[in-house]
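requesting a structural model of the entry that follows:
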Amino acid sequence: MIKGARMKVITSDLIDDLIVRAGTNVRRRINHNVHESPSDPVQRLFVAARPGSYFRPHRHPIKWEFAVVIRGRFDVMLFDDTGCVTERHSVGPGSDAVGFEIPPDVWHSWIPTADDSVFLEVKQGPYDAQTAAEFAAWSPSEGTSAVGAFVERLKVAKAGHHVD
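So this is what the prediction gives:
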């Protein structure tokens, strides 16, 4: 045991606080990093998101992404290079799936469908903002006027549908 090392405990109060803070954040989501630094070889974080949060479709060119939904519900969507939905899964407690892993270089997005939605994300580090994610050219940039209509299309899109 490392002298002075302490276990990190994730409490229900912390998760409740994240949900509240996500509701007051302009992006309608917030995260809590468990890892110490962006240079850590494994990045671990909790993400709370409220309905209306826009997870712009993106991919991680050389890194996988693993997540477990611990509260609420998300629809997780995968896309091909043209913006066609290839898979859509409802993920969270009480659904058929509570977690998933997305391989590198796969376009994906999250849609929070319950007000108290939180997931634990684990991905390869180190984190480099310049290379962490590539955003889909067929999706609108966060904060633009086109986001609202795009999110409405995401909400109803099924496998085989184009969202662009």
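
what's the closest non-adjacent residue to the residue positioned nearest the centre of the chain?
The residue lying closest to the centre of the chain (Cα atoms, centre = their mean) is W110, at 5.5 Å. Spatial nearest neighbour of W110, excluding adjacent residues (Cβ to Cβ, 6 or more residues apart in numbering): F55 at 4.1 Å. Placement of C-beta: from N, CA and C, glycine included.

pLDDT at that neighbour, what is it?
In this prediction, F55 carries a pLDDT score of 97.

got the contact list for it?
Each residue near F55 by Cβ atoms under 8 Å, 6 or more residues apart in numbering is listed here: R29, A49, S109, W110, I111.

okay if I get those as JSON lines plus secondary structure, pLDDT and distance to V42?
Output for the contacts of F55, formatted as JSON lines (DSSP: H, G, I helix; E, B strand; the rest coil; pLDDT from 0 to 100; distance: Cβ to Cβ, whole Å):
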{"residue": "R29", "secondary structure": "strand", "pLDDT": "96", "distance to V42": "22"}
{"residue": "A49", "secondary structure": "strand", "pLDDT": "98", "distance to V42": "22"}
{"residue": "S109", "secondary structure": "strand", "pLDDT": "98", "distance to V42": "23"}
{"residue": "W110", "secondary structure": "strand", "pLDDT": "96", "distance to V42": "20"}
{"residue": "I111", "secondary structure": "strand", "pLDDT": "96", "distance to V42": "26"}
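
highest neighbour count among those?
With neighbours taken as other Cβ atoms under 10 Å, the top of the contacts of F55 is A49, carrying 30 neighbours.

from P61, how far out is that one?
24 Å (Cβ to Cβ, to the nearest Å).

sorry, back to before: taking the contacts of F55, tell me the two that lie furthest apart.
Spanning the widest gap among these are R29 and S109, at 12.8 Å by Cβ to Cβ.

thought L154 was touching M77?
Yes. The pair L154 / M77 is scored as a contact, 6.8 Å apart, by Cβ atoms under 8 Å.

mind listing what's buried along stretch 53-66?
Neighbour-count burial for stretch 53-66 flags S53, Y54, F55, R56, P57, H58, R59, H60, K63, E65 (criterion: 16 or more other Cβ atoms under 10 Å).

span of it from start to end?
20 Å (Cα to Cα, to the nearest Å).

ok, stretch 80-93 next?
End-to-end distance (Cα to Cα), stretch 80-93: 27 Å.

do stretch 24-38 as well
25 Å.
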